[in-house]
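Undergrad: Sequence and predicted structure, then a few things I'm wondering about:
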Amino acid sequence: MWRTFGHDKAKRILQAGIAEGRIAHAYMLSGPIGVGKMTLALDFSRALNCVSLEKPCDTCNQCSRIDRDVHTDIHVIRVSEGVKDGRRRVLIGIEQIRDVFRELSLKPYEGKFRVVIVDGAEHFSGEAANSLLKTLEEPPDQVVIVLLTADHNIVLPTVVSRCQLLEMRQLNESVIIEVLQTEHGVQLDKANEIARLSQGMVGWALRATQEPGLIEDLMNRIDVVAEVVGGDIEHRFSYANDLAVTFTRDRWNVRRELDLWLAWWRDVLLVKYELLKLGVNSTRADFLKRISEFLTIEQIIGVLGSIEDTKRVLDRNANPRLALDNLMLSLPKLS
C-alpha cells in the first residue's frame, strides 16, 4: 500500500532495507517540488512502524495514526521565516529542531521508530546544520531522519555524506496518465493534457484533477513568460521586481515560476530540432518557432544555464532582486 506513484528504485531500496534489517539512520530524498518526496517519506514512516506482514498495510493502528498526523513518534519540520545576517530569510532555525532532536534520545513512545522528516534541508541555518551534524555523527537507536531537498547539490556536503541519498526525478508522462486514469477516473484526453503540463510532477497533476483553475493559471503564466521574453529591458526589469517581491513571502511560487521558464526555453530548443510534440507548450508553437528563428542553439542553451544558476543562488538566499535582474540581463535581445 505504498501511496508513492513511480519512483520504483527508491521504493525498492527502502523496502529492502526494512526487510533485511539494514535501515540507515538518515536518508536524503532529492528531487523537484511536487515530485513526491513527502509522500515517499510518509510511506517510509508507515512501513517502518507498521505491525503487519505487508508493510505498510494502511489498516493497522500505526499506519492509521500516521495518516491522521497524530502519531507521537513522527515529526515533520518545515522552513519558516527568520532573520539571518540582518536580513529576513526563509530557513530552518535552531529553535525548530532543538525540541524535536532532544526527544531523539528517548525510546519511541508508541511505534518501533522515531522518524524526523525535514522538508527543505537546503535551508538549514548554520546553528541548525551543526546540531543536525552532531546527531548524524552519533545517531540514537530506533531513530530515522529523512531530509527532503529540491537539490542535494546545494545542501552542506558534510550533511549529504552522512545520509543515504535517493534521487527522485520527474515521472514519465505515461506513468502520470495511468495514475490519473486508474486512480482518479480521468478521461484519456484530459489525462494526456494534465500529464503534459505537469512536467513530470505527479503532485501537481493530482491537484489539477481537483482544481481545474490550476491549468488556467498555468496557461496565463505561460503567456506572461512569453510577454517578458518578447519585451524590452524595462518590461523585463519590471517583471523581475514583481517576482523578487513575491519571493520574500512565497519562495516556492518563484521556484515554480523559474521551472516554468525552464520548460518554456526547453520548448524553444525542441522547436529548433523540430521536436515540439515532446514539449509542454505545444499550443504556443507559432510564437516558439518565431523566437527560435532569432537564436542559435548555443544561445538557447545559455539561457537554460542562466535559469538554473538563478535557481541555485536563490536557494542559497542570495538577494532576489539582484539575482532576477541578472537573469533578465542574460536573456537575448529580440526584435
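TA: Good, I have the coordinates.

Undergrad: Flag every buried residue along the helix or strand hosting residue 77.
TA: Taking DSSP states H and E as the definition, residue 77 sits inside strand 74-78. Buried residues in strand 74-78, counting neighbours by 16 or more other Cβ atoms under 10 Å, are found at 74-77. (Glycine included, C-beta is placed from N, CA and C.)

Undergrad: So which other helices or strands are in contact with that strand?
TA: helix 94-103, strand 114-119 (3 or more Cβ pairs under 8 Å, 6 or more residues apart in numbering; DSSP states H and E).

Undergrad: May I have that strand as CSV, with CA atoms only?
TA: Output of strand 74-78 as CSV, limited to C-alpha atoms (Å, rounded to 0.1, in the frame of the first residue of the first chain):
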residue,chain,number,x,y,z
ILE,A,74,6.6,11.1,13.7
HIS,A,75,7.8,14.7,13.4
VAL,A,76,7.8,17.0,10.3
ILE,A,77,10.0,20.1,10.3
ARG,A,78,9.3,22.8,7.6
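
Undergrad: And for residue 235, the neighbour number?
TA: 14 (other Cβ atoms under 10 Å).

Undergrad: what residues are up against it?
TA: Residue 235 makes contact with 227-228, according to Cβ atoms under 8 Å, 6 or more residues apart in numbering.

Undergrad: Let's see that with 6 Å instead.
TA: Applying Cβ atoms under 6 Å, 6 or more residues apart in numbering to residue 235 gives no contacts.

Undergrad: Where does it sit, in terms of helix or strand?
TA: Per DSSP H and E, the secondary structure element for residue 235 is helix 233-247.

Undergrad: buried ones in that helix?
TA: 236-237, 239-240, 243-244, 247.

Undergrad: for stretch 50-68, same thing?
TA: Here stretch 50-68 shows 50, 55-58, 60, 62-63, 65-66 as buried, counting by 16+ other Cβ under 10 Å.

Undergrad: okay, those in JSON lines with pLDDT and secondary structure next?
TA: Shown next, in JSON lines, are the buried residues of stretch 50-68 (pLDDT from 0 to 100; DSSP: H, G, I helix; E, B strand; the rest coil):
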{"residue": "50", "pLDDT": "95", "secondary structure": "coil"}
{"residue": "55", "pLDDT": "91", "secondary structure": "coil"}
{"residue": "56", "pLDDT": "92", "secondary structure": "coil"}
{"residue": "57", "pLDDT": "91", "secondary structure": "coil"}
{"residue": "58", "pLDDT": "86", "secondary structure": "coil"}
{"residue": "60", "pLDDT": "93", "secondary structure": "coil"}
{"residue": "62", "pLDDT": "95", "secondary structure": "helix"}
{"residue": "63", "pLDDT": "95", "secondary structure": "helix"}
{"residue": "65", "pLDDT": "94", "secondary structure": "helix"}
{"residue": "66", "pLDDT": "94", "secondary structure": "helix"}
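
Undergrad: could I get those as TSV with distance to residue 174?
TA: TSV is the format used below for these (distance: Cβ to Cβ, whole Å):
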residue	distance to residue 174
50	30
55	28
56	26
57	28
58	26
60	33
62	34
63	29
65	35
66	30
